[in-house]
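K.L.:
Task: produce atomic coordinates for the following.
(one chain, ligands or ions: 1)
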Amino acid sequence: MKPYVFISRKLPEDAIAMLKEKYTVEMWDKEDVPVPYDVLLQETRKADAILTMLSEPVNEEVLKAGEKLKIVANMAVGYDNVDVETAKRLGITVTNTPDVLNDSTADLTFALVLAAARRMVEAAEFVKEGNWKSWSPLLLAGQDVHHKTIGIVGMGNIGKTVAKRAAGFDMEILYHNRSRKPDAEQELGAQYVSFAELLKRSDFVVCLTPLTEETRDLFNRNAFRIMKDQAVFVNASRGPVVNENDLYEALKAGEIAAAGLDVFAEEPIGANHPLLELKNVVAMPHIGSASMETRYAMMKLCAENIDLILSEEQPKTPVN
Ligand code: DGY
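P.N.:
This next block holds a predicted model:
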């Protein structure tokens, strides 16, 4: 009997052709609706491998249900949705999709910097709503990005790729990270500073740190109060790193100027989310890595990791 692979979202056939040739593959049949939890549990019971999205809670119950389960291939660089410790204890490999998404995610992150600073979404809506009556000197004037200071919190590979883009805009680059990154310091002139100093000095504060118990609510009212009144805050990591009520209050009170958000504490958000009331918020539906090329590369990497584990070889990108 061929090993059984369950994929928790409908993926394009060409992306999973290699898996289908070698294994019995079933997919949740919807592209834009997550697999119900009970279906995930039921499928995992039969599975040798599961390919999951960041929307799936791959918790202790799911992992324990997988009596034959050998690998969880999570289609994201972040894996806070997977109970990695339990997986390790049960001898289940967890893989993610690092590196293939660095450039695309950095592009989107920097696009949020530009969009929030130059009020691009507000301006586009202004035109579409027929409000443009004349050119005027300060019409929708925003802030410059070039030659300003960017502070990157979380200087992993995506952080470094954002720093490269910032260097192209002649920005001063500050960063804060658990460990120093000598390569970013030498190659890009990035300066390592404390979290508080980064908040104090940056015109653009960009959050790219993974979600852990230490980083949950890292950006709270205190942090926003330390930032400059003109600061723009961008989050392209995970929503719960930010206290959204505090962000809302800080934006309302003018403690910071604007925010560009690709991620939210609970996704998806509806049109009545309080942050969406604010004109100085640019909101995206968690599309950091969403280019066709990159999403296909992520699917391919997941498929390769599954194939390697089911062939009793080393996976390319294990996290545990
Ligand atoms: C990731 O890979 O963790 C991203 O958030 C997906 O876009």
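
K.L.:
what's the nearest residue to residue 301 if we skip its chain neighbours?
P.N.:
residue 97 (4.9 Å; C-beta to C-beta, 6 or more residues apart in numbering). Backbone N, C-alpha and C define where each C-beta goes, glycine included.

K.L.:
List the residues that contact that neighbour.
P.N.:
74-77, 297-298, 301-302, 317 (C-beta atoms under 8 Å, 6 or more residues apart in numbering).

K.L.:
so which pair among those is furthest apart in space?
P.N.:
Taking C-beta to C-beta as the measure, the contacts of residue 97 reach their widest spread between 74 and 297, a distance of 14.7 Å.

K.L.:
the more surrounded of the two?
P.N.:
Legend: neighbour count by other C-beta atoms under 10 Å for residue 74 and residue 297, higher for residue 74 (29 against 18).

K.L.:
my guess is that one contacts residue 57, does it?
P.N.:
No. Taking contacts as C-beta atoms under 8 Å, residue 74 lies outside contact range of residue 57: 11.5 Å.

K.L.:
joint contacts of the two?
P.N.:
residue 81.

K.L.:
In stretch 87-95, which residues are buried?
P.N.:
87, 92-95 (16 or more other C-beta atoms under 10 Å).

K.L.:
Can you pull up the residues of the stretch 101-250 of the chain that come close to the ligand?
P.N.:
Contact residues, the stretch 101-250 of the chain versus the ligand (C-beta under 6 Å from any ligand atom): residue 101.

K.L.:
per-residue confidence for the closest residue to the ligand within the stretch 101-250 of the chain?
P.N.:
Of all residues in the stretch 101-250 of the chain, residue 101 sits closest to the ligand, at 5.7 Å by C-beta to the nearest ligand atom. pLDDT, residue 101: 98.

K.L.:
Quick check: residue 250 vs residue 92, distance?
P.N.:
Here the criterion is C-beta to C-beta, to the nearest Å. By it, residue 250 lies 41 Å from residue 92.

K.L.:
phi, psi of residue 213?
P.N.:
Main-chain dihedrals, residue 213, degrees, to the nearest 10: phi -60, psi -30.

K.L.:
ugh, wrong one, I meant residue 234
P.N.:
The phi/psi pair for residue 234 (degrees, to the nearest 10) is phi -130, psi 130.

K.L.:
What of residue 146?
P.N.:
Per degrees, to the nearest 10, the backbone of residue 146 is at phi -60, psi 140.

K.L.:
now it, nearest residue through space, not along the chain?
P.N.:
Excluding the flanking residues, the one nearest residue 146 by C-beta to C-beta, 6+ apart is residue 169, at 4.7 Å.

K.L.:
next one: residue 260
P.N.:
residue 112 (3.1 Å).

K.L.:
I'd guessed that neighbour sits against residue 236; true?
P.N.:
Yes. Residue 112 lies in contact with residue 236 (C-beta under 8 Å); the separation is 6.6 Å.

K.L.:
any common contacting residues for the two?
P.N.:
residue 262.

K.L.:
wait, isn't residue 290 in contact with residue 107?
P.N.:
No. Using C-beta under 8 Å, residue 290 makes no contact with residue 107, being 10.5 Å away.

K.L.:
picking up where we left off before, state whether the residue nearest to residue 260 is indeed within a strand.
P.N.:
No. Residue 112: not assigned to a strand; according to DSSP: H, G, I helix; E, B strand; the rest coil it is helix.
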